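Peer 1: Okay, predicted coordinates and the sequence, questions at the end:
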Amino acid sequence: MNPVLAELHEKARAVLDPVHYDFFAGGAGDEIVLARNEAAFRRLALLPRVLRGKGIRAGFPVLISPTAFHKLAHPDGELATARALDGTVLVSSMASTVPIADVVAAASGPVWFQLYLQPDFAVTEALVRRAERAGCAALVVTVDSPVFGRHRRDIEHGFHDLPAGLAAENMRDLAGVNGLRRIEMSAFTWEDVERLRSITSLPVWLKGILHPADAVLAAGHGAAGIFVSNHGGRQLDLVPAAVEALPAVVDAVAGRIPVVLDGGVRSGGDVALAVALGASAAGLGRPVLWGLAADGSHGVRRVLDVLRDEFEHVVAMCGGQLSRDMVVSRC
Ligand SMILES: Cc1cc2nc3c(=O)[nH]c(=O)nc-3n(C[C@H](O)[C@H](O)[C@H](O)COP(=O)(O)O)c2cc1C
Ligand SMILES: CC(C)CC(=O)C(=O)O
């Protein structure tokens, strides 16, 4: 691992309350998928093309995937994350500890709003209006969580609630207990996605797709794009690594909508592999949390800078080109 990322992770581990560290680091069940997400990248290799000049690939195809409760990592919470963007997209979690309007106001890049559809449609609609008023550029509906994942580390620690003074601020004044509504997980259908689309002009992405047939349905139901994701190994501990699921989804979608990959991306090389396999971009979860915990906004910036530098170097080594035929198995 890049020594800067390793250093930020170690510092995060040292400064965080161990219960909060485990909330961020942990996965579901036996954490098999958590481990596989990273290991699957190690099993892939790139065959560079030569004598192609500098090629044409430009840009940095990385975004920040939504993660909850940034104030557990740093007192400035999502404000610090948002200040670090420098043009990178932040997908801000519905479970942010800073209201979405303040996240967008602090951001140095586009902000998208992640949400879980709520059983009470009026609550979903209120969240959408908050995101729209704040100036979010897209909605990302997470669809891999009909029920909460079971995180053994949290269960062992008895970690079920935020400490006093912290809250999921986007859920305030939505007529729950003391005006703060709990985030609920519930099973929905494609009709619910259509209903959401009918009340907003924002592009609606779907996050947490692994089956190629669902990717086809997503395109058919007007999703602006999809995230191939297993929620960083925090939902069903029986699924493939995210990068293993990517090629079949890319084939099924056949270019109709963009496909983002998240889960286990830890280097610019991993970003390059995801792009070569057909992802439009790679999403980062935990590395951003480690940067944030270790050094606030500056730490997040360092994570993005390291990945950008590594990615550009790998692409230059590959003749400015990344395509599926260049990806082979190491074993
Ligand atoms: C601590 C933590 C909180 C998360 N919170 C959310 C969330 O609120 N909404 C969501 O859609 N995904 C959430 N995720 C999943 C991430 O968006 C992403 O899919 C995952 O972290 C990517 O894997 P990585 O951590 O290996 O990069 C969370 C992940 C972690 C680690
Ligand atoms: C508020 C939680 C449901 C956030 C989440 O998605 C996670 O911890 O994985």
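Peer 2: Done, it's in. Residues are numbered from 1 along each chain as shown. Ligands and ions are numbered 1, 2, ... in the order given.

Peer 1: Flag every residue of this protein that's near ligand 2.
Peer 2: Contact residues (C-beta under 6 Å from any ligand atom) of the chain with ligand 2: 68, 95, 183, 231, 234. Quick note: C-beta positions are derived from backbone N, CA and C, even for glycine.

Peer 1: Neighbour-wise, give me the winner out of those residues.
Peer 2: Neighbour counts for the residues of the chain next to ligand 2, by other C-beta atoms under 10 Å, peak at His231, which reaches 24 neighbours.

Peer 1: just to revisit the earlier point, quick one: which of the residues of the chain next to ligand 2 is nearest to Glu244?
Peer 2: Glu244 has its nearest neighbour among the residues of the chain next to ligand 2 in His231, at 15.0 Å by C-beta to C-beta.

Peer 1: And the contacts of stretch 129-144?
Peer 2: If you take C-beta atoms under 8 Å, 6 or more residues apart in numbering as the criterion, stretch 129-144 is touched by 66, 89, 91-92, 99-101, 103-105, 110-117, 128, 170, 188, 193, 196, 200, 202-210, 224, 227, 229-231, 235-236.

Peer 1: and ligand 1, which of the residues of the chain next to ligand 2 contact it?
Peer 2: 68, 95, 231, 234.

Peer 1: contacting residues around the second one?
Peer 2: In other words, Ala95. When contacts are counted by C-beta under 8 Å, 6+ apart, Ala95 touches 68-69, 168, 170, 183.

Peer 1: Same question for the first one.
Peer 2: Remark: with contacts taken as C-beta under 8 Å, 6+ apart, Ala68 is in contact with 93, 95-96, 168.

Peer 1: Would you mind checking which of the residues you listed is nearest to ligand 2?
Peer 2: Proximity of the contacts of Ala68 to ligand 2 (C-beta to the nearest ligand atom) peaks at Ala95, which lies at 3.7 Å.

Peer 1: Just confirm Val288 contacts Val300, I think it does.
Peer 2: Yes: counting by C-beta atoms under 8 Å, Val288 touches Val300, with 5.6 Å between them.

Peer 1: The two: which is more packed in?
Peer 2: Val300 (33 against 24).

Peer 1: quick one: contacts for that one?
Peer 2: Counting by C-beta under 8 Å, 6+ apart, Val300 touches 80-81, 84, 288, 291-292.

Peer 1: Dig out what Val89 forms beta bridges with.
Peer 2: Val89 has the following beta-bridge partners by DSSP bridges: Leu63.

Peer 1: Can you give me the distance of it to ligand 1?
Peer 2: 13 Å (C-beta to the nearest ligand atom, to the nearest Å).

Peer 1: Can you confirm whether stretch 209-216 lies near ligand 1?
Peer 2: No: counting by C-beta under 6 Å from any ligand atom, ligand 1 has no neighbours in stretch 209-216; the shortest distance is 11.5 Å.

Peer 1: how about that stretch: buried residues?
Peer 2: 209-210, 212, 214-216 (16 or more other C-beta atoms under 10 Å).

Peer 1: Just the buried ones from the contacts of stretch 129-144?
Peer 2: 66, 89, 91-92, 99-101, 103-104, 110-117, 128, 170, 188, 193, 196, 202-210, 224, 227, 229-231, 235-236.

Peer 1: remind me which residues of the stretch 151-300 of the chain are low pLDDT?
Peer 2: Residue ranges of the stretch 151-300 of the chain with pLDDT under 70: none are present.

Peer 1: got the residue ranges for the strands in it?
Peer 2: Using DSSP state E, counting those that start in this stretch, the strands of the stretch 151-300 of the chain run over 172-177, 180, 204-209, 225-228, 259-262, 281-284.

Peer 1: distance between the shortest one and the chain's centre?
Peer 2: Using C-alpha atoms, centre = their mean, to the nearest Å, we find the averaged C-alpha position of strand 180 to lie 25 Å away from the chain's own average C-alpha position.

Peer 1: and the gap between the residue of the stretch 201-331 of the chain found nearest ligand 1 and Arg130?
Peer 2: In the stretch 201-331 of the chain, the residue that lies nearest ligand 1 is Gly285 (2.1 Å; C-beta to the nearest ligand atom). Distance of Gly285 to Arg130, given as C-beta to C-beta, to the nearest Å: 23 Å.

Peer 1: for Asp76, same thing?
Peer 2: Asp76 is 21 Å from Arg130, where distance means C-beta to C-beta.

Peer 1: what do you get for Arg43?
Peer 2: 42 Å.

Peer 1: Of those two, which one has the most company?
Peer 2: Arg130 (20 against 13).

Peer 1: what about that one, which helix or strand?
Peer 2: helix 121-134 (DSSP states H and E).
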